[in-house]
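**Q** Give me a 3D structure for the following:
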Amino acid sequence: MTESSLPSRASPKRRMPRVDRPARQASYVRIAAETFHELGLQRAAMRDIAERAGVAKILIYRQFASKEALLAAIFEEVLQEIRAVYDAPWPGYGAALMEVLRRARANRAAYILLLRDCRSDPEAKRWYEVYEDRQVEPFMVFLKPAEGAPPGAEDRARIGARSLVGIVTETLINWIENRDGLDDAERVRWFGHIVREWRRITRAVYRLDA
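**A** Alright, predicted model coming up:
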């Protein structure tokens, strides 16, 4: 039997490396947040995100069907992070917001997009409204009407809770951008006093106690 007549051995097939889809998707979301923050929500396009990610635009579209879907992923990630802080056992006045700040520092562009930038964008403004609505319930813990409070106390408490959303939002923006000149210990102390006083006066003025 000659060498040429020997059966040939098929070379083993090379296995393609598995794609970590969640990791890739998370990477696109972070890059998109930075791109939208730097270029603007209206100006930034999927092409810009693909270029910054170093991939073809079609790969972005395979993960997100549209620019709106990508924005939704950015904002939902932030909303879920904030809610996770509020769902945890209460750590004391000021400490919960400091935990939100810790998370925001790791995802700065996305938080600024939601808390500030989308408020002035007609197409994205609804996400800030979603954010506002989702903050009210956690803040209601400070204003739960006492038994025997005058009628309509629950509705008044919700109005009062919504007033805290603006305070929290502007405080977070200042902290994320480090505009107040305070260190974190001073921030916790300051905000703790703010919330204590806000709770006291809101309960009194909105007639939430018997």
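**Q** Kindly list the longest helix within this protein.
**A** helix 153-176 (DSSP state H).
**Q** Of all the residues in the very next helix or strand once past that one, which ones are buried?
**A** Later in the chain than helix 153-176, the nearest helix or strand by DSSP states H and E is helix 184-205. By neighbour count on 16 or more other Cβ atoms under 10 Å, the buried set for helix 184-205 is R187, V188, F191, G192, I194, V195, W198, R199, T202, R203. C-beta here means a position set from N, CA and C on the backbone, and glycine is covered the same way.
**Q** Is the fourth one in contact with G94, as I believe?
**A** Meaning G192. Yes: contact criterion Cβ atoms under 8 Å: G192 and G94 qualify, at 3.6 Å.
**Q** quick one: average confidence on the longest helix of the chain?
**A** Taken as a whole, helix 153-176 has a mean pLDDT of 96.
**Q** Stretch 179-196 now?
**A** Here stretch 179-196 scores 95 as its mean pLDDT.
**Q** Check stretch 62-81 too.
**A** Mean predicted lDDT for stretch 62-81 stands at 95.
**Q** measure the spatially closest residue to V195 that is not a sequence neighbour to N174 for me?
**A** The shortest distance from V195 to any non-neighbouring residue, by Cβ to Cβ, 6 or more residues apart in numbering, is to Y93 (5.2 Å). Y93 sits 18 Å away from N174, taking Cβ to Cβ, to the nearest Å as the criterion.
**Q** who's more crowded, the two?
**A** Remark: of Y93 and N174, Y93 carries more neighbours, 17 against 14, as counted by other Cβ atoms under 10 Å.
**Q** got the phi/psi numbers for the more buried one?
**A** When read as degrees, to the nearest 10, the backbone of Y93 gives phi -60, psi 130.
**Q** what's it in contact with, if anything?
**A** F191, G192, H193, V195, R196 (Cβ atoms under 8 Å, 6 or more residues apart in numbering).
**Q** Tell me which helix or strand the residue positioned nearest the centre of the chain sits in.
**A** The residue lying closest to the centre of the chain (Cα atoms, centre = their mean) is V78, at 1.4 Å. Taking DSSP H and E as the criterion, V78 maps to helix 67-87.
**Q** what's the very next helix or strand once past that helix packed up against?
**A** Next along the chain after helix 67-87, taking DSSP H and E as the criterion, comes helix 95-105. Applying 3 or more Cβ pairs under 8 Å, 6 or more residues apart in numbering; DSSP states H and E, we find helix 95-105 packed against helix 67-87, helix 153-176, helix 184-205.
**Q** contacting residues around T169?
**A** So T169 contacts L115 (Cβ under 8 Å, 6+ apart).
**Q** Tell me how far V136 lies from L39.
**A** Relative to L39, V136 is positioned 32 Å away (criterion: Cβ to Cβ).
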